[in-house]
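Asker: Sequence and predicted structure below; questions after.
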Amino acid sequence: MPDAYRKTLVRQISQHAHSEIIGMQPEGNWITRAPSLERKAILIAKVQDEAGHGLYLYSAAETLGTSREELVEQLLTNKAKYSTIFNYPTLTWADVGAIGWLVDSAAIMNQIPLARCSYGPYARAMTRICKEESFHMRQGFDIMLTLSRGTPEQKAMAQDALDRWWWPSLMMFGPPDTESVHSADSMRWKIKRFSNDELRQRFVDQTVPQADVLGLRMPDPDLHWNAGRGHYDFGQIDWDEFYRVVRGDGPCNHQRIQHRIAAHEDGAWVREAATAYARKHAAEAIAAA
Amino acid sequence: MLFEYVLRLGDSPLVLAQQLGGLIAQAPTMEEDVALANVSLDLLGQARALLSFAGELEGRGRDENDLAYFRESHAFHNLLLVEQPNGDFAQTQLRQFLYDAFAIELWTQLQRSSDATLAAVAGKAVKETAYHVRRSADWVIRLGDGTEESARRLHAALANLWMFTGELFLTDAVDDAMAEQGVAPLASRLEPAWRTRVESVFTDARLDVPETAWPQRGGKLGRHTEHLGHLLAEMQVLPRTHPGARW
Amino acid sequence: MNGSPLWEVFVRSRNGLAHSHVGSLHAPDATMALHNARDVYTRRGEGTSIWVVRSSDIHASNPDEKDALFEPALDKAFRQATYFELPDEVKNL
């Protein structure tokens, strides 16, 4: 396997893994405050899936020779990237709905082509992940639907969440094609099959009608159907904000990493204890076998 | 009385599920995040089945959410053990083990309940709990027989939690009535099996079973520790802020 | 996570006949590996049996020797029953 290809694959897989793990935080934030027992159960299952996805992906990356330890270290020392969307805060229950509806469907759109990608273990992880994520998207939309049909306060909550999550969701597809550094190589090696702009357009076209069903207003005055193109035209994305968040100056970047560092450091004594126990009893296990 | 008993049965898994739910995304490993979420989900499922059943028994139109989100501390009947704070991982796992070791005996016996609904809930819960108790026992042993630090933390957790284990086996008129009707085993009868399991795990974990201190009590009657108030405030905030809303 | 070795996980599904490889995870010992595998890989009722094997105990054929190991089998079609054409009247063969 050529080295440059391997490096690109590891980068792409691990970035995805880190995103899943970090993504647990904004949603995990609402588990204890979920407003019904069913919603609580669904949210716990969703966040649990995300941990699982991170695990499938780290395990695929490990087959390429980079250990879990190294990958975790890269994340905690800010050497690795993860999806910028998780650097935004979840301020209301409606944010949980918006994430499921917008962020997960954008993620699925990015991911489905990868299930057919050229590297076996990655493709297999992706197939599993895509199957599990289709539930994530629906639960998000269902939350938004319930809110938009609820009390005036609930509807306002849903609208406010859409206002705050729409543009960051569009940014999830990355910089415009003309500026994307890694895309060309990834596309040549068939790790990435569609361009950023193509996917972004597809996402807009798919999502606008869903917002109509919700009776919510898109926070973009320039959004309108272009019959000539057969697509929605949409407004200018604030790329300054995008690069700011990528650089580390988003609302939650610092907090997200600090949280992971704390979990990792606080958990060190637990991992050491488990290892110590295993060593002490390894001799017995061999004797018993 | 059945309503009262079923509520007692459902409130402990509800509170414990809530506690574990707050820990997801900060476990020592990602594998543990998945494991914690699994236990939380199972407990939440048990709580939902029992609270729904309680609501039906009461016959006043309250469902699982009305009961979970609109009762105050004094109307909750969970064991004091489960409302003790998560603390560190040692306390979380020890609390879990002490509860699981009790729950496995309880659900095993409840499978023979004269009440069909309880028997069915027990049939499912006993399988889930069989897995939980193995998991939590494994952790108690590894932490007790791991490093000096993990042992120290486990001992500290034991000092915090042991006083709440007596309540598991205290009985009152409600329990007597349930036993008489064949609905439920008398909790005091579950103690010997619980002790056997606890002693065995503690031996492997190099923990001494403490002297029986005065058992703290009152949970079943709605007299709680200071912790429950905070837990409920967080859990109940949204429905209480939006009266009449559906979620 | 020093001292938490990598394990490969194999799951046999409900209607499956063999264990297939589903991924890997880290755990300090076999008991924890089995528990973790159950939690991570069988949440949607995928399995009835799990094997975990330390990754270091898996020995794989060398991909560079793929041709030498596997191509010779391809030109011995007489090993397949379909190679032989039998008259239509012959039954049960």
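Answerer: Good, I have the coordinates.
Asker: What about the residue of the stretch 101-250 of chain A found nearest chain B, how many residues nearby?
Answerer: Distance from chain B to each residue of the stretch 101-250 of chain A (Cβ to the nearest Cβ) is smallest for A:T151, at 5.1 Å. Where you see a C-beta, it was placed from the backbone N, CA and C, and this is true even at glycine. Using other Cβ atoms under 10 Å in any protein chain shown, A:T151 has 14 other residues around it.
Asker: so what's B:R197 up against?
Answerer: B:R197 makes contact with B:A101, B:I104, B:V133, B:A137, according to Cβ atoms under 8 Å, 6 or more residues apart in numbering or on different chains.
Asker: now it: how far from chain A?
Answerer: Taken as Cβ to the nearest Cβ, to the nearest Å, the spacing of B:R197 relative to chain A amounts to 19 Å.
Asker: If we go by neighbour counts, what in the host helix or strand of that residue is buried?
Answerer: Secondary structure assigned from DSSP states H and E places B:R197 in helix B:191-204. For helix B:191-204, the neighbour count (16 or more other Cβ atoms under 10 Å in any protein chain shown) marks B:E191, B:W194, B:R197, B:V198, B:V201, B:F202 as buried.
Asker: what is the mean pLDDT for stretch B:53-60?
Answerer: The predicted model gives stretch B:53-60 an average pLDDT of 97.
Asker: could I get it in CSV with only the CA atoms?
Answerer: This file holds the C-alpha atoms of stretch B:53-60, laid out as CSV (Å, rounded to 0.1, in the frame of the first residue of the first chain):
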residue,chain,number,x,y,z
PHE,B,53,-48.1,-0.3,35.0
ALA,B,54,-48.3,1.8,38.2
GLY,B,55,-50.2,4.5,36.4
GLU,B,56,-52.7,1.9,35.1
LEU,B,57,-53.2,0.5,38.6
GLU,B,58,-53.7,3.9,40.1
GLY,B,59,-56.4,4.6,37.5
ARG,B,60,-56.2,8.4,37.6
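Asker: contacts for that stretch?
Answerer: Surrounding stretch B:53-60, the residues in contact under the criterion Cβ under 8 Å, 6+ apart are B:2-3, B:6-7, B:10, B:61-64, B:66-67, B:117-118, B:121.
Asker: Would you mind checking which of the residues you listed is nearest to chain C?
Answerer: Nearest to chain C out of those is B:V121 (Cβ to the nearest Cβ; 20.1 Å).
Asker: The residue lying closest to that closest one once chain neighbours are set aside: helix or strand, and which one exactly?
Answerer: Leaving out its chain neighbours, the residue that sits closest to B:V121 by Cβ to Cβ, 6 or more residues apart in numbering or on different chains is B:A49, at 5.0 Å. With secondary structure defined by DSSP H and E, B:A49 is part of helix B:30-58.
Asker: Off-centre distance for the following helix or strand past that helix?
Answerer: With elements assigned by DSSP H and E, the helix or strand that comes after helix B:30-58 is helix B:64-69. The gap between the average C-alpha position of helix B:64-69 and the chain average comes to 18 Å, counting by Cα atoms, centre = their mean, to the nearest Å.
Asker: what does helix B:64-69 contact?
Answerer: Helix B:64-69 is contacted from outside by A:35-37, B:7, B:10, B:14, B:47-48, B:51-52, B:54-55, B:235-236, B:239-240, B:247, using Cβ under 8 Å, 6+ apart.
Asker: Could you give me the ChimeraX syntax to select whichever of those residues are buried?
Answerer: Here is the ChimeraX selection string for the buried members of the contacts of helix B:64-69, based on 16+ other Cβ under 10 Å:
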select /A:35,36,37 /B:7,10,14,47,48,51,52,54,55,235,236,239,247
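Asker: Extract the residue ranges of the chain that are flagged as low pLDDT.
Answerer: No chain was given, so I picked chain A. Where chain A drops to pLDDT under 70, the residues are A:113-118, A:181-192, A:285-289.
Asker: wait, chain C
Answerer: Scanning chain C for pLDDT under 70 picks out C:1-3, C:73, C:75-78, C:81, C:90-92.
Asker: and it, which residues reach chain B?
Answerer: By Cβ under 8 Å from any Cβ of the partner chain, the residues of chain C that approach chain B are C:1, C:4, C:25-28, C:31-32, C:35-36, C:38-40, C:43.
Asker: on that earlier part again, what is the three-state secondary structure of the residue lying closest to the residue of the stretch 101-250 of chain A closest to chain B once chain neighbours are set aside?
Answerer: Taking Cβ to Cβ, 6+ apart, and ignoring the residues beside it in sequence, A:T151 has B:A245 as its nearest neighbour in space, at 5.1 Å. Following DSSP: H, G, I helix; E, B strand; the rest coil, B:A245 is assigned to coil.
Asker: A:K155 versus B:A245, what's the distance?
Answerer: For B:A245, the distance to A:K155 under the criterion Cβ to Cβ, to the nearest Å works out to 11 Å.
Asker: and if you look at A:D266?
Answerer: 40 Å.
Asker: same check, this time on A:G228
Answerer: Here the criterion is Cβ to Cβ. By it, A:G228 lies 34 Å from A:K155.
Asker: Show the contacting residues for A:M24.
Answerer: For A:M24, the residues meeting the contact criterion (Cβ under 8 Å, 6+ apart) are A:V47, A:E50, A:A51, A:G54, B:I24, B:A25, B:D33.
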